[in-house]
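> model the following, please.
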Amino acid sequence: MSRLFFPLVLSFVALAAGPAAAQTPAKFDGANTAWILTASALVLFMTMPALALFYGGLVRAKNVLSVMMHCVVIACMGSVLWLAAGYSLAFSGGEAGFIGNLDKAFLTGITKETLNGTLPEIVFFLFQMTFAIITPALMVGAYPERIKFGAVIIISGLWLMLVYVPVTHWVWGDGWLMKRNVMDFAGGLTVHATAGASSLVIAVMVGPRDGFPKHLLPPHNPGMTMMGAGMLWVGWFGFNGGSALTADGAAGMAIVSTHLSASIAGLVWMGLEYMRFGRASMIGAVTGVVAGLATVTPASGFVGPLGGLILGTAGAVVCFFAVDIVKHKLKIDDSLDVFAVHGVGGILGTFLVAFLADERFGGAGYAKGVTMADQVVTQAIGIGATVVWSAAVTALIVLVARAFGGLRVDAEALYEGLDSASHGERGYSLQN
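Numbers count the residues shown, from 1 in each chain. Below you'll find the predicted structure:
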């Protein structure tokens, strides 16, 4: 995304755009519009069906539909909340830099002719809405197989408005981090750091699954998880490539760096598994791919192909060991490794872009007057503020959900499975 970094991205590709280009009056561009419409579809595709399949295959058969239902309700609710107030609070007003205003609530004043840069603003709204959908949906992986459906609705709705929206304004909506020239091309802070930090808090407060960590059954359908991961990989091209907001080399470079990061991360993760366990698993391979995708996300528009390889390698190694630390050292049941993969990967990529964006490494360079040391400090401040805000506000949100109906289902529902107990349906006629 990094909407207001647009001139910086163009300078990386064309070595020509500068302040004069940034001052050119807005003019509609059909090619850009067509690409962002396509990218919006790809990002929505990442939630349904991609994330639903990816997470669904990782849980027990009697809970697969509950995970998919969580993705569906978040997509529906997030869309309405984004229209009602989320978009306006993230992308309008807010001179203080903390939060926007309600001038564009329910898209007030926006018509099909209203432009945001070279795009119709309604298209920009649509693209941003798909990010607002997938970010709380990522957190579904932190609490499956034991949470009440009502708690999912309360936590996800409040979290979108109280965590995602403010941080998005800080980073992309002319907020205080944007004014500091923080570098987050497509969501290392706004998506992965927020969802990752919050997932860890939710996992602790909801409590572990029965049998954690020694007596859990393995994922019921690794093949389903692989299919979901493949869809996420393709959808991520819209996630990162669309964040250039142009149909040009900037989008192409972001997609190439994204693809190479995922590719090398999958290989590295398989290698680490083989060294530790003597075999490489399907679940491990696709987890590595997702770690590479998460790590390159904040940097994808600021680095080249070599930067993608470096980020993917670093992301696979760090996230591989983070999974072990969270589950076995800290004994936190972040069930599907949202923090260890998305959170750690996004934070790592957000920090490393301060180095890899340097022109000496083939990167896009920094804002005028900003040095590498300045950028390192800014990235660290962005990471710290995002993680602290996300964790603190999420803890309060979970307390609210606990007060209004509780968090965990009862023992009978756990035994029966959430598919049947919460939704009256079953994913399979025969279940383990």
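
> okay, residue 369: pLDDT?
Looking at residue 369, its pLDDT stands at 89.

> ugh, wrong one, I meant residue 302
pLDDT, residue 302: 96.

> and it, what element?
Using DSSP states H and E, residue 302 sits in no helix or strand.

> let me know whether it touches residue 363 as I believe.
Yes - Residue 302 lies in contact with residue 363 (Cβ atoms under 8 Å); the separation is 5.6 Å. Just so you know, the C-beta spots here come from the backbone N, C-alpha and C atoms, and that holds for glycine as well.

> which one's more surrounded, those two?
residue 302 (27 against 21; other Cβ atoms under 10 Å).

> for residue 359, give me the pLDDT.
Residue 359 is given a pLDDT of 88.

> count of neighbours near it?
Residue 359: 11 surrounding residues under other Cβ under 10 Å.

> for it, which non-adjacent residue is spatially closest?
residue 365 (4.6 Å; Cβ to Cβ, 6 or more residues apart in numbering).

> helix, strand or coil for the one you found?
For residue 365, the assignment made with DSSP: H, G, I helix; E, B strand; the rest coil gives coil.

> what of residue 186?
Going by three-state DSSP: residue 186 is coil.

> residue contacts, residue 214?
For residue 214, the contact set (Cβ atoms under 8 Å, 6 or more residues apart in numbering) is empty.

> where's it relative to residue 333, distance?
Distance, residue 214 to residue 333, using Cβ to Cβ, to the nearest Å: 12 Å.

> can you check residue 108 too?
Residue 108 is 43 Å from residue 333, by Cβ to Cβ.

> before we move on, what about residue 63?
Distance from residue 63 to residue 333, by Cβ to Cβ: 14 Å.

> compare those two (neighbour count), which wins?
Shown here are residue 63 and residue 333; by other Cβ under 10 Å, residue 63 has more neighbours (25 against 22).

> three-state assignment of the more buried one?
helix.

> looking at it, it is touching residue 145, isn't it?
Yes - when contacts are counted by Cβ under 8 Å, residue 63 is listed as touching residue 145 (4.6 Å).

> what is in contact with the two at once?
With Cβ under 8 Å, 6+ apart, residue 63 and residue 145 have common neighbours residue 418.

> residue 128 against residue 83, yeah?
No - when contacts are counted by Cβ under 8 Å, residue 128 is not listed as touching residue 83 (11.0 Å).

> neighbour count: the two, which is higher?
residue 128 (23 against 16).

> which residue, other than its chain neighbours, is closest to the more buried one?
Using Cβ to Cβ, 6+ apart, the nearest residue to residue 128 is residue 87, at 6.3 Å.

> cool, and residue 318?
residue 348 (5.5 Å).

> beyond the helix or strand where the one you found lies, next helix or strand please.
Per DSSP H and E, residue 348 falls inside helix 344-356. With elements assigned by DSSP H and E, the helix or strand that comes after helix 344-356 is helix 372-403.

> so for that next one, what's the average pLDDT?
Helix 372-403 comes out at a mean pLDDT of 98.

> check what pLDDT residue 13 gets.
Value for residue 13, per-residue pLDDT: 34.

> let me redo that: residue 2
pLDDT at residue 2 comes out at 41.
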